[in-house]
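Chemist: Dropping the sequence and predicted coords here.
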Amino acid sequence: MTEPLGTHRFPYFSEEHEMLRSTIRRYIADKVLPHGDQWEEQGFVPREVLREMGSLGLLGMRYAPEHGGAGLDTLANAVLAEELGRSTYGGFAVTVLVHTDMASPHLYHAGSRAQLDRWMPDICAGRKITAVAMTEPDAGSDLASMRTTAKRASGGYVLNGAKMFITNGVHGDLYFVAAKAGETGRNHTLSMFAVEKGTPGFRVARPLKKTGWLSSDTAELVFEDCLVPEENLLGEEGRGFYALVKNLQNERIVLAAQSLGEAMKAIELTLDWVKQRRAFGASLWDKQTIRQRLSMRLGQVEAARALLFNTAWRDTQQENVVKEVSMLKALAGTLVNEVMYDCVQFHGGMGYMRETPVERMSRDARVQSIGGGATEVMLDEVAKRI
Ligand SMILES: Cc1cc2nc3c(=O)[nH]c(=O)nc-3n(C[C@H](O)[C@H](O)[C@H](O)COP(=O)(O)OP(=O)(O)OC[C@H]3O[C@@H](n4cnc5c(N)ncnc54)[C@H](O)[C@@H]3O)c2cc1C
């Protein structure tokens with residue numbers, strides 16, 4: 001077996017980060033790998049798994065202890081995401097990461113004291129699963145053109161609209177929903193609302209069938225005259241766009257970390273394969289083209305990893321890293337797909353078989369250049385800043 005790659009310890013890691021990495025690795029070996037195929041089959045990760053991860057303190061690492069968190073930092077969440085990526089089950093990884101880094105930050109960063117007290121302890125403990133609903137059938141990359149409305153009414157806001165591709169959409173308990181609270185305009189009317197499962201007028205329209213991430217549940221949601229109480233507005237009315245853009249930075253760091261964990265693990269699995277598989281009187285590893293290609297891919301992933309942890313560290317220093325996060329998301333989302341292509345190729349026919357992890361990993365990786373900011377959109381964010 002190839003020794004785990006990508007173990008270089010960057011200077012900004014503390015003992016705590018290292019211990020965290022071993023805890024997650026052990027948890028995945030004991031509690032995820034034996035059940036991953038079953039979760040892929042059933043299309044979701046059982047909620048007990050999130051409860052268990054909550055009890056290990058893995059679901060609120062960046063949040064303050066007074067809200068149920070561990071008081072760590074962005075680096076800790078990048079380590080979590082990288083290790084979840086290494087699990088080889090992208091659907092499991094994203095189920096957790098949407099909860100920890102894509103949905104719950106909307107509450108944590110914009111919520112009032114009362115809202116934090118009401119929901120954060122359950123979120124950190126994995127008792128309530130969260131989802132974030134921004135994308136719509138007609139608005140994905142161009143979020144400002146979303147059409148879901150939130151009209152003021154007695155006691156709160158009435159939501160009308162549809163949301164598309166929502167992770168944890170079926171099994172979620174608490175949804176952070178973006179809607180326009182004014183009559184006209186684009187960004188300046190956008191507001192965020194916390195909507196609880198079971199609120200009249202809110203329903204799951206349908207679960208969606210996907211190419212990969214099979215153990216992650218994805219749904220289309222509908223809001224029809226859904227009355228959301230005034231106290232569920234997150235932050236100020238009309239300020240949602242700025243909160244949303246800020247939170248997208250967390251989301252993109254962990255998606256990149258997940259991609260790089262997947263890429264590194266796929267290279268390890270492929271090294272094991274090519275070193276024992278023989279063709280034309282020698283191992284595949286003896287073919288110069290194969291060993292050089294894998295060496296180059298390893299170098300590319302190591303380089304992207306250095307950018308990942310440097311960016312995560314700069315984020316902990318409160319630096320503005322929008323350019324670097326966008327660059328990283330574009331780079332990692334593209335690279336993971338290139339790596340998977342090579343890994344499947346070097347596995348030959350076995351790389352196309354369901355029993356081979358890289359087959360699943362190659363399907364899972366495809367969305368990494370689309371979800372959470374398509375590569376082209378990310379590159380335009382970089383271009384605006386250079
Ligand atoms: C499995 C999955 C899970 C998801 N989970 C969630 C979730 O939990 N919550 C949520 O809100 N959303 C979620 N999404 C939505 C995701 O973030 C969007 O799919 C993504 O932002 C792209 O939007 P779109 O699909 O509407 O593509 P579009 O905006 O229609 O773009 C299509 C393609 O056009 C290209 N493109 C777009 N804009 C530009 C441009 N300016 N310049 C050049 N090319 C461009 C890109 O290649 C892009 O992939 C999820 C999506 C998937 C597939």
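Modeler: Here it is on my side, so go on.
Chemist: The stretch 201-350 of the chain against the ligand: which residues are in contact?
Modeler: Counting by C-beta under 6 Å from any ligand atom, the positions of the stretch 201-350 of the chain adjacent to the ligand are 210, 213, 218. For glycine as for every other residue, the C-beta is placed from the backbone atoms N, C-alpha and C.
Chemist: Out of these, name the ones that lie in strands.
Modeler: Judged by DSSP state E, these include residue 218 as members of strands.
Chemist: Of the residues of the stretch 201-350 of the chain next to the ligand, which is the most crowded?
Modeler: Neighbour tally across those (other C-beta atoms under 10 Å): the maximum, 26 neighbours, falls on residue 213.
Chemist: Hmm, that one is touching residue 366, no?
Modeler: No. Contact between residue 213 and residue 366 fails when scored by C-beta atoms under 8 Å: they sit 9.2 Å apart.
Chemist: so what's the closest residue to the ligand within the stretch 101-250 of the chain up against?
Modeler: Closest to the ligand within the stretch 101-250 of the chain is residue 140: 1.7 Å, counting by C-beta to the nearest ligand atom. Shown in contact with residue 140 (C-beta atoms under 8 Å, 6 or more residues apart in numbering): 164, 165.
Chemist: Report the separation between it and residue 164.
Modeler: Computed as C-beta to C-beta, to the nearest Å, the residue 140 to residue 164 distance reads 7 Å.
Chemist: circling back: read off the pLDDT value for the residue of the stretch 101-250 of the chain closest to the ligand.
Modeler: pLDDT for residue 140: 94.
Chemist: can you map out the strands along the stretch 51-200 of the chain?
Modeler: Counting by DSSP state E, counting those that start in this stretch, the segments of the stretch 51-200 of the chain that form strands are 130-133, 149-153, 156-167, 174-180, 190-196.
Chemist: The second one - what's its average pLDDT?
Modeler: Put plainly, it is strand 149-153. On average, strand 149-153 scores 95.
Chemist: Need the CA coordinates for it. PDB is fine.
Modeler: Provided in PDB are the C-alpha atoms of strand 149-153 (Å, rounded to 0.1, in the frame of the first residue of the first chain):
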ATOM      1  CA  THR A 149     -40.100  36.800  -3.500                       C
ATOM      2  CA  ALA A 150     -40.600  37.600   0.200                       C
ATOM      3  CA  LYS A 151     -43.500  40.000   0.600                       C
ATOM      4  CA  ARG A 152     -44.200  41.600   4.000                       C
ATOM      5  CA  ALA A 153     -47.300  40.400   5.700                       C
END
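Chemist: tell me the angle of that strand relative to strand 190-196?
Modeler: Counting by axes from the mean of the first three to the mean of the last three C-alpha atoms, to 10 degrees, strand 149-153 lies at 80 degrees to strand 190-196.
Chemist: and what of the fourth one?
Modeler: Calculated by the same axes, to 10 degrees, strand 174-180 forms an angle of 150 degrees with strand 190-196.
Chemist: for strand 174-180, which positions count as buried?
Modeler: For strand 174-180, the buried set under the neighbour-count rule, 16 or more other C-beta atoms under 10 Å, comprises 174, 175, 176, 177, 178, 179, 180.
Chemist: Need the max-distance pair from those residues.
Modeler: 174 and 180 (21.0 Å; C-beta to C-beta).
Chemist: Residue ranges in this protein under the pLDDT threshold?
Modeler: Applying pLDDT under 70 to the chain picks out residues 183-188.
Chemist: ok now the longest helix belonging to it, how far from the chain's centre?
Modeler: Ranked by number of residues, the top helix in the chain under DSSP state H is helix 240-276. Relative to its chain's centre, helix 240-276 lies at 8 Å (C-alpha atoms, centre = their mean, to the nearest Å).
Chemist: That helix: which residues count as buried?
Modeler: By 16+ other C-beta under 10 Å, the buried positions in helix 240-276 come out as 240-241, 243-244, 247-271, 273-274.
Chemist: Would you mind pulling up the elements that that helix packs against?
Modeler: If contacts are counted by 3 or more C-beta pairs under 8 Å, 6 or more residues apart in numbering; DSSP states H and E, helix 240-276 sits against helix 74-86, helix 90-97, helix 104-110, strand 190-196, strand 282-283, helix 288-316, helix 322-347, helix 357-365.
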